[in-house]
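# I'll drop the sequence and a predicted model, then ask my questions.
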Number of protein chains: 2
Amino acid sequence: MNFKFLQLKRIGIDTHQEPVVYMRKDCHICQAEGFSAQSRVKIILGKHHIIATLSVVTGDWLSHKEAGLSEVAWLLLNAKEGDKATFAHPRPVDSMSAVRGKLYDQALTQESASAIINDINQGRYSDIQLAAYITACSGQRLSIEETIYITRAMVDSGQRFNWPQERVLDKHCVGGLPGNRTTPIVVAIVAANNLVMPKTSSRAITSPAGTADTMECLTDVTLSFEHMNQVVTHEGACLAWGGSVALSPTDDIIIRVERALDLDSEGQMVASVISKKIAAGSTHVLIDIPVGPTAKVRSLLMAQRLAKLLTCTAEKLGLVVKTIISDGSQPVGNGIGPALEARDVLQVLKNESQAPPDLRQRALTLSAALLEMGGVCCPREGLALAEKTLNSGQALTKFLSICQAQGGLKELTLAPFQHVVKASKAGVINSFNNRIISRLASLAGAPNAMAAGLDLHVKCGEKVQKGTPLMTIHAQAQGELEYAMAFLHEHDDAILICEDTVL
Amino acid sequence: MNFKFLQLKRIGIDTHQEPVVYMRKDCHICQAEGFSAQSRVKIILGKHHIIATLSVVTGDWLSHKEAGLSEVAWLLLNAKEGDKATFAHPRPVDSMSAVRGKLYDQALTQESASAIINDINQGRYSDIQLAAYITACSGQRLSIEETIYITRAMVDSGQRFNWPQERVLDKHCVGGLPGNRTTPIVVAIVAANNLVMPKTSSRAITSPAGTADTMECLTDVTLSFEHMNQVVTHEGACLAWGGSVALSPTDDIIIRVERALDLDSEGQMVASVISKKIAAGSTHVLIDIPVGPTAKVRSLLMAQRLAKLLTCTAEKLGLVVKTIISDGSQPVGNGIGPALEARDVLQVLKNESQAPPDLRQRALTLSAALLEMGGVCCPREGLALAEKTLNSGQALTKFLSICQAQGGLKELTLAPFQHVVKASKAGVINSFNNRIISRLASLAGAPNAMAAGLDLHVKCGEKVQKGTPLMTIHAQAQGELEYAMAFLHEHDDAILICEDTVL
């Protein structure tokens, strides 16, 4: 009896993206191979194989002849109940030595960067190895050369679009500014002017909503490669989730751990952005860098450094990048959270009177630059063209067509639990702490609960009385509402009111 | 129906030290609190509470009224079947912001270091947060000040011994040299001279055996605080596992993740060493730093830097540290792995003819220095006293007494699977790659399989013929033996033979 296989059992445990295998300590595989808790185990089933982390089972719910698989492991192996899989020690992950070397200031090479990205892409890194890689690359530790190596490796790791047009536009915002949801508006304006803009967006990393999360409230964003191709061919643009079309798939694995660590690596971020643009087949990209004391980028110097890193990396890889450094001192629009931001976007596209003017203005500025980059108007004429496109309803029409092509427009829903936060004293709104505001919206449930988040009722410089509503917290569950309120109670600098001493 | 509790169920899953809770996605707690896969969940049961990582269950084996707990979660909560526990969102781990700050070169303060160590000690860090902390501190990124802060925090996090004697001795080896198991011999020689040496050791981090692993083959090392106190009071010394007496308990949590990452942080290592010595109540400590091209410390410069870091940190905390820089070019003794090293130790203590002379010599050198530090002989007379103690059998008698006091002497066992590796050509043994040798012993199953490891049959400078046995691989399982052999096949620089061109 020296069978090297066990029967696979789907045990219905969701471990997120880390594959986990459950085996009895006293099964013949654990005994023969010397596996113990937390061992990394290679599982082979037909043409598929994965590396999973072992949880050792001592209970009776699993037999000696069975191996239980977590949901992601089950799906990756394409398993069927009772399938017989073989088990082995995986090869040690050689590229981890390059991560270790990086900690001792040995720069990454194209070869080592490609090996790391390839290993991550193949699921060979455990969660803690991913955490070590992300940490090793954070804090401005990646040079421009290393960033270029990683970017190239990430482009090579996924699918890539090729469009017939000579100029293919794209935009990106480095984030950190709650509610700054210009992308859907910009895409609509640009595409309404017959330019091509195959926009793929990511989900939130450390923020309460990414463009993909917001767009998911309005239409399908999980498009196949073919479906996205079709939408862009017909509409000139799309608003899809990048993860679904497997552009730079490694990025989604990395982002999950970055989110849990609440940590961004500058170089890794540049690689993530540029690789996705190249994979999307873009040629001309506009990048918005909001700067503010509590934004992701806090000083003009940091913004300029980042702009240089982005343009240099892009240039080496044959991409034209233009950066815009914008005001990042306070949240944009009123809503923060997927559905609330989607509401703001629709209000702007519909030219409604209650549409947030700051969101509208930012979207117009970015659209103007893209229209000029796209060559459909002369320099300095972009803004007028953008305004005309938005005011005339052409942008709305294009937006609805895109949603239709992606699967139809969805109704927005309202969260069942709400709480109005009121001013504790009279005065003038002095500042917002973007980080606290983002955290608050996250604790209220965004982006997992689509309708959750914040609705802001004031802007910097506004006068308020004691009791004036400052914002409404929206939550899908009572527990989340309470948690957000407890957090707000401890952080009274979310919205700072300066008492008006002149009165 | 808005009960905030679920009934606890022990489901017999060993997730190592990370507590994991299993809950149905559609149970009222997940719905009310908005928990999803990988959420961090606070579980409260009576006086106990823990933070666990959530695995969401979709299968039928867990009901809506139950929450399953992994073994470590069950033990930490001190739960009984059917206990009703309440669930809540944990506070965000505030000290992680200091870890993030460290990545941007913001130095740790005493306050932030204490907060980090306290949070780790309370189980508030997830595995990936631990990985980020360890990575952030690696690669010589901790200053002496930061190392002192962490050391102090680690001392404060656990229990501490107080001995009546004025001088309390201790030794430590920074490791990296396979088979360098001098500690049991040194402790026996020192204690036989009526000096106090309450030795606590750690288990292997990235090596195939730690002193605690080796000693566990010979006697109990998992002593309670009271038991260790008793042993030292009677015998003047002990050879215990540091983790069991909860000296610097944070260290064991950190070591587990370091081991999985195969990563040591210099500053963290200094903090780990010094904090354990202080907690053990030591006043005078000798630290052995082996230097060699494939040892942990690779150059004299690195050794001197480390020696300075160790002595400075110790001095600030009131501890006298003396360092010895030793030859780390090749493995010490013959055995590598817990039981094989224990065999070597006994041979030296018994003055057997086949006892490895290099192990004996290193143990004598270290003992000599400690006898002098302890003031039982004049300077330069330590070596003669050490030799006399060993040769006369006094050291063996003391060693057996210590083992007896710790629970009795155990028989050594031999691994059932063995493979002799032979020289592929004639020549002279030129060098050992310590890292490959260690890895090989680990892959053969050490230290988890006690009897697993390597038995070396040659030393540098020896002449060999084609077919001369170089080493024997010992394994507890066929799979591990095969895995080690496959690894050796790919790494032919484990033992380098130089062809003797003169012949």
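Right, received. Where do you want to start? Numbering: from 1, shown residues only, chains lettered A, B, ... in the order given.
# Who are the contact partners of residue A:274?
Contacts were defined as Cβ atoms under 8 Å, 6 or more residues apart in numbering or on different chains; by that measure residue A:274 touches A:151, A:310, A:313-314, A:317, A:319, A:321. The way it works is simple: take the backbone N, C-alpha and C, and place the C-beta from them, glycine included.
# quick one, strands of the stretch 301-450 of chain A?
Along the stretch 301-450 of chain A, counting by DSSP state E, counting those that start in this stretch, strands occupy A:320-327, A:335-336, A:417-422, A:427-432.
# Tell me the secondary structure at the residue of the stretch 51-200 of chain A found nearest chain B.
The minimum distance from the stretch 51-200 of chain A to chain B, using Cβ to the nearest Cβ, falls at residue A:59 (2.7 Å). Classification of residue A:59 by DSSP: H, G, I helix; E, B strand; the rest coil places it in coil.
# So what's the residue count around it?
Around residue A:59 there are 15 other residues, counting by other Cβ atoms under 10 Å in any protein chain shown.
# for it, phi and psi?
With angles defined as degrees, to the nearest 10, residue A:59 sits at phi -70, psi 170.
# Let me know the closest of the contacts of residue A:274 to chain B.
Lowest distance from chain B to those (Cβ to the nearest Cβ) belongs to residue A:310, with 19.2 Å.
# correct me, but the residue of the stretch 51-200 of chain A closest to chain B touches residue B:12?
Yes. The pair residue A:59 and residue B:12 qualifies as a contact (Cβ atoms under 8 Å) at a distance of 2.7 Å.
# how about the residues of the stretch 351-500 of chain A near chain B?
By Cβ under 8 Å from any Cβ of the partner chain, the part of the stretch 351-500 of chain A that sits against chain B consists of A:439, A:443, A:445, A:448-449, A:475-480, A:483.
# Against chain B, which of the contacts of residue A:274 make the cut? List them.
Filtering those for proximity to chain B by Cβ under 8 Å from any Cβ leaves nothing.
# May I have stretch A:430-446 exported as PDB, CA atoms only?
Listed next in PDB are the C-alpha coordinates belonging to stretch A:430-446 (Å, rounded to 0.1, in the frame of the first residue of the first chain):
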ATOM      1  CA  ASN A 430     -11.500  73.900   7.900                       C
ATOM      2  CA  SER A 431     -10.300  70.600   6.600                       C
ATOM      3  CA  PHE A 432     -11.000  66.900   5.900                       C
ATOM      4  CA  ASN A 433      -8.700  64.100   6.900                       C
ATOM      5  CA  ASN A 434      -9.000  62.000   3.700                       C
ATOM      6  CA  ARG A 435      -7.500  58.900   5.400                       C
ATOM      7  CA  ILE A 436     -10.000  59.000   8.300                       C
ATOM      8  CA  ILE A 437     -12.800  59.700   5.900                       C
ATOM      9  CA  SER A 438     -11.700  56.700   3.700                       C
ATOM     10  CA  ARG A 439     -11.300  54.500   6.800                       C
ATOM     11  CA  LEU A 440     -14.700  55.500   8.000                       C
ATOM     12  CA  ALA A 441     -16.400  54.600   4.700                       C
ATOM     13  CA  SER A 442     -14.500  51.200   4.700                       C
ATOM     14  CA  LEU A 443     -15.600  50.400   8.300                       C
ATOM     15  CA  ALA A 444     -19.200  51.200   7.200                       C
ATOM     16  CA  GLY A 445     -18.800  48.300   4.800                       C
ATOM     17  CA  ALA A 446     -17.500  49.800   1.500                       C
END
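# avg pLDDT for that stretch?
Here the mean pLDDT over stretch A:430-446 is 91, rounded to a whole number.
# For residue A:290, give the beta-bridge partners.
Beta-bridge partners of residue A:290, counted by DSSP bridges, are residue A:326.
# ok, and what's touching stretch A:306-324?
Under the contact criterion Cβ under 8 Å, 6+ apart, stretch A:306-324 has outside partners A:144, A:147-148, A:151-152, A:155, A:174, A:266-267, A:270-271, A:273-274, A:277-278, A:282-289, A:297, A:325, A:365-366, A:369, A:373.
# Filter those down to the ones in strands?
Within the contacts of stretch A:306-324, membership in strands is found for A:284-289, A:325, as judged by DSSP state E.
# Ends of stretch A:188-208, what's the gap?
The distance separating the two terminal residues of stretch A:188-208, taken as Cα to Cα, to the nearest Å, comes to 23 Å.
# Could I get the buried residue list for that stretch?
Along stretch A:188-208, the positions that meet the burial threshold by neighbour count (16 or more other Cβ atoms under 10 Å in any protein chain shown) are A:188-193, A:195-208.
# is that stretch up against chain B anywhere?
No. Stretch A:188-208 lies apart from chain B when judged by Cβ under 8 Å from any Cβ; the minimum separation is 10.7 Å.
# avg pLDDT for that stretch?
Along stretch A:188-208, the predicted local confidence has a mean pLDDT of 90.
# List the contacts of the closest residue to residue A:444 other than its chain neighbours.
Nearest non-adjacent residue to residue A:444, counting by Cβ to Cβ, 6 or more residues apart in numbering or on different chains: residue A:484, 4.1 Å away. Taking Cβ under 8 Å, 6+ apart as the contact definition, residue A:484 lies against A:440-441, A:443-444, A:473, A:475.
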